[in-house]
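Participant: Build me a model:
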Amino acid sequence: MSKFAELLFNLPVNKSFTYRNPFGDECTNGMRVKAPFRGRERTGYVLATKDDPPEGTFEIKEITRVLDNEPLFDDTLVSLGEWMSGMYMCSLGEAIAAMLPGGKREHLQDLYDEQTPVPDRFDLHSQQQKPLEEIISCQEGMFYLFGVTGSGKTEVYLRAAEHTLKEGRSVIYLVPEISLTHQVIEIVLQRFGDQVALLHSALTPSQRLSEWMRIRRGQARVVVGARSAVFAPLEDIGLIVIDEEHEGSYKSGRTPRYHARQVAMKRCALQKGRLIMGSATPSLEAYYLMQQGTLTAFTMEKRLSGGELPKIEIVDMRKEERPISRTLELQMRQVLNEGNQIILFLNRRGFSYFFHCHTCGYEMKCRHCSVSLTFHKKKNRMICHYCGFSSAPVQVCSDCGSLDVGYAGFGTEKIEQVVEALFPGRRIERVDADTASKKGALKHTLEQFKNREIDILLGTQMVAKGLNFPGVKLVGIVLADTGLQLPDFRASERTISLMIQVAGRSGRNMEDGKVIVQTLRPDNEAVRFAQKHDIQGFFTRELETRKQLMFPPYTRLFRVVFRGKDPVLTRNTAREFADELQKSLSGAGSILGPADCPIAVVSGNTRFQLILRTTSFSRSHTSLSRTASSFLPRKGIYIEIDVDPVALL
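Facilitator: Numbering: from 1, shown residues only. As a prediction, the model looks like this:
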């Protein structure tokens, strides 16, 4: 019976702590416990148990509770955690915490409403058969299905998964976000039944824990989920699928700032498994790796569901006076009269996105963040989408007292009002973070749309990708420019990706699908290449630009953000850190900044950043890690390190 336990905590502290274990064999490696730490009770992760206390004379505190009946993690996940700790410059405790589900003692629940019958088998098209045969002929390797929307990528994933299960190995199937998982979960459940476990954010903590334990016990061999499902405690992983690989949601925005693609590559290397990624719009990094031969690429250019790629028409909104152009309105009327459905996409929620004074130019911003407040008409509130601050709308300029004020720009809420006025009597539903916050609301709306109980679906990114609705003949992108305005070198890449993905919802099962793109920048390269469905042409041009600017994929980036309440202290800390890093680098990389972050204030914290750009990743990583571990920031200043950042805002 072990008398002591070595614990890790979800804190930026690179060491474990020894506690007295009064629970004996009820407390073993891989369990969560409660224990006092720095004046409060925290959740600890048992790294090891032992009989002898550490050397030295100091008080050894006692574990107060054991939270689990059986271990949640083993040495394999600890090894992965150690790699993450090194790669992403976080503590092992933070890495372990990111992997594990929350939740109290396990309460098994039935997560599946019903088991759907296994669908009939069908013959694969040659553009599916060739990649499948090559993939399953290899025990390990990295592959990419570069296929237009509707080209049958999902079936290749599923057949590869079937083959992997027959080999006696297990499968992880990653999807970017919950809005995509409804249809994918249905398909995977149809194929694999009770062998499937789900790990995604829509589950309660107890449900996630139940699923985790089913996987740990070997009761589930196929795991479907979003980003964190890459940590599923499966044994002998033979296949990891990353669907819609280009999606930014595969990158964690909190410590540890891991990318699921990098973790998947590591797990496949450790387990000697296959990694299949796929998208109609790969990330530029993945496209570059295909060109270099690091990823084995398969191009899938034919839409197997029937229907050609939709014709994309550009509308110059500089000549229009309302958010729904005359061209889009006429096309909508025609499609509705034919009995077909419409998706309208706008990547901005709310009614209008800034208040301004026509007299003095004052713009109403969040008092805690350097961003405009968005007017939400149904709530009658001005809301900050970064920190949640809200205030009542105003009718008088607070700067000059003028009554000549107004709300500019438009979000999904306003478009919903405009569409309702243009098409009275039509069934219209809006899908965004406001409407989908109620449990089950998103799934219900998408089911209604699938069953043709809704004529027009209006939404943000939630309706943009991965969903297959046979009745959709027209997609309208209300304003294509929202992403282009961001001060980020990936802005054009994200814009063309989003446009092609949204366009892919149109005409999946019919010959004459249409897409209307409304834009204030009709001559922008991303818009023009999207119109031709020419993602490769865009990538060729963009790679030339990135090479000249020395940005990824030709270099690797590290982003270091400094935040604090005191702007002067924060700036000075950033400069001191940059000076220390410069000495350590010895020419292994170049530092850009420090400078204000594009969004300079969030939740009352001033933010500065420096970017380390390098062609020598290992040397620069070592220098940055060494500087970060020895640097002591002033009180109240926090430092965040992001390895291979996907956004610089």
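
Participant: which helix is the longest one in this protein?
Facilitator: Ranked by number of residues, the top helix in the chain under DSSP state H is helix 567-585.

Participant: Buried ones in it, by neighbour count?
Facilitator: For helix 567-585, a neighbour-count test (16 or more other C-beta atoms under 10 Å) marks 569-574, 576-578, 580-582, 584-585 as buried. Using the backbone N, CA and C atoms, a C-beta is placed for each residue, glycine as well.

Participant: Could you single out the nearest of the residues you listed to Glu285?
Facilitator: Leu585 (23.3 Å; C-beta to C-beta).

Participant: In the stretch 501-649 of the chain, what residue spans correspond to helices?
Facilitator: Assigned by DSSP state H, counting those that start in this stretch, the stretch 501-649 of the chain shows helices spanning 525-531, 535-549, 567-585, 617-630.

Participant: Tell me where the model's unsure across the stretch 251-400 of the chain.
Facilitator: Low-confidence segments of the stretch 251-400 of the chain, defined by pLDDT under 70: 305-307, 348-358, 361-362, 369-372, 377-378, 385-387.

Participant: residue boundaries of the helices in it?
Facilitator: Taking DSSP H, counting those that start in this stretch as the criterion, the stretch 251-400 of the chain carries its helices at 260-271, 284-292, 326-337.

Participant: Kindly list the main-chain dihedrals of the residue most central in space within the chain?
Facilitator: Taking C-alpha atoms, centre = their mean, the centroid of the chain lies closest to Ser249, which sits 0.7 Å from it. The phi/psi pair for Ser249 (degrees, to the nearest 10) reads phi -70, psi -10.

Participant: Who are the contact partners of Gly593?
Facilitator: Contact analysis of Gly593 by C-beta atoms under 8 Å, 6 or more residues apart in numbering lists 574, 578, 608-611.

Participant: got it, and Val33?
Facilitator: 5, 7, 19, 27, 43-46, 63-67.

Participant: ok, those residues vs Gln127, which is closest?
Facilitator: Set against Gln127, the nearest of the contacts of Val33 by C-beta to C-beta is Tyr45 (46.2 Å).

Participant: element containing that closest one, please.
Facilitator: Using DSSP states H and E, Tyr45 sits in strand 40-50.

Participant: any idea of the mean pLDDT for that strand?
Facilitator: Mean pLDDT, computed over strand 40-50, is 94.

Participant: helices or strands up against it?
Facilitator: When contacts are defined as 3 or more C-beta pairs under 8 Å, 6 or more residues apart in numbering; DSSP states H and E, strand 40-50 sits against strand 4-9, strand 32-37, helix 92-99.

Participant: a markdown table for those, including distance to Leu132?
Facilitator: Below are these laid out as a markdown table (distance: least, C-beta to C-beta, whole Å):
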| stretch | distance to Leu132 |
| --- | --- |
| strand 4-9 | 42 |
| strand 32-37 | 41 |
| helix 92-99 | 31 |
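
Participant: Tell me which of those lies nearest to Thr460.
Facilitator: Closest approach to Thr460 among these is made by helix 92-99 (26.5 Å; C-beta to C-beta).

Participant: C-alpha coordinates for the next helix or strand after that closest one, PDB please?
Facilitator: Remark: after helix 92-99, the chain's next helix or strand is helix 126-136, criterion DSSP H and E. Written as PDB, here are the backbone C-alpha positions of helix 126-136 (Å, rounded to 0.1, in the frame of the first residue of the first chain):
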ATOM      1  CA  SER A 126     -12.200   5.200 -59.300                       C
ATOM      2  CA  GLN A 127     -11.200   8.500 -57.700                       C
ATOM      3  CA  GLN A 128     -12.100   6.900 -54.300                       C
ATOM      4  CA  GLN A 129     -10.800   3.400 -55.000                       C
ATOM      5  CA  LYS A 130      -7.200   4.400 -56.000                       C
ATOM      6  CA  PRO A 131      -6.500   6.500 -52.800                       C
ATOM      7  CA  LEU A 132      -8.100   3.800 -50.600                       C
ATOM      8  CA  GLU A 133      -6.000   1.000 -52.100                       C
ATOM      9  CA  GLU A 134      -2.800   2.900 -51.700                       C
ATOM     10  CA  ILE A 135      -3.600   4.000 -48.100                       C
ATOM     11  CA  ILE A 136      -4.500   0.600 -46.800                       C
END
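
Participant: The next helix or strand after helix 126-136 - contacts with which helices or strands?
Facilitator: Downstream of helix 126-136, the next assigned helix or strand under DSSP H and E is strand 141-147. When contacts are defined as 3+ C-beta pairs under 8 Å, 6+ apart, strand 141-147 sits against helix 126-136, helix 153-166, strand 274-279, helix 284-292, strand 296-300.

Participant: most tightly surrounded among these?
Facilitator: Ranked by mean neighbour count under mean count of other C-beta atoms under 10 Å, the helices and strands packed on strand 141-147 are led by strand 274-279, which reaches a mean of 26.

Participant: so what strands line up beside that one?
Facilitator: Paired neighbours of strand 274-279 in the sheet (DSSP bridges): strand 141-147 (parallel), strand 237-243 (parallel).

Participant: mind giving me JSON lines with the ones you listed and columns for mean pLDDT?
Facilitator: Compiled in JSON lines, the strands paired with strand 274-279 are given as follows (pLDDT from 0 to 100):
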{"stretch": "strand 141-147", "mean pLDDT": "95"}
{"stretch": "strand 237-243", "mean pLDDT": "97"}
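
Participant: Adding distance to Pro54 and mean neighbour count as columns, could you present the ones you listed in a markdown table?
Facilitator: Shown next, in a markdown table, are the strands paired with strand 274-279 (distance: least, C-beta to C-beta, whole Å; neighbours: other C-beta atoms under 10 Å):
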| stretch | distance to Pro54 | mean neighbour count |
| --- | --- | --- |
| strand 141-147 | 43 | 23 |
| strand 237-243 | 36 | 26 |
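
Participant: so which of those strands comes closest to Glu301?
Facilitator: Glu301 sits nearest to strand 141-147 of all these, at 7.4 Å, using C-beta to C-beta.

Participant: now that closest one against helix 284-292, angle please.
Facilitator: Counting by axes from the mean of the first three to the mean of the last three C-alpha atoms, to 10 degrees, strand 141-147 points 110 degrees away from the direction of helix 284-292.
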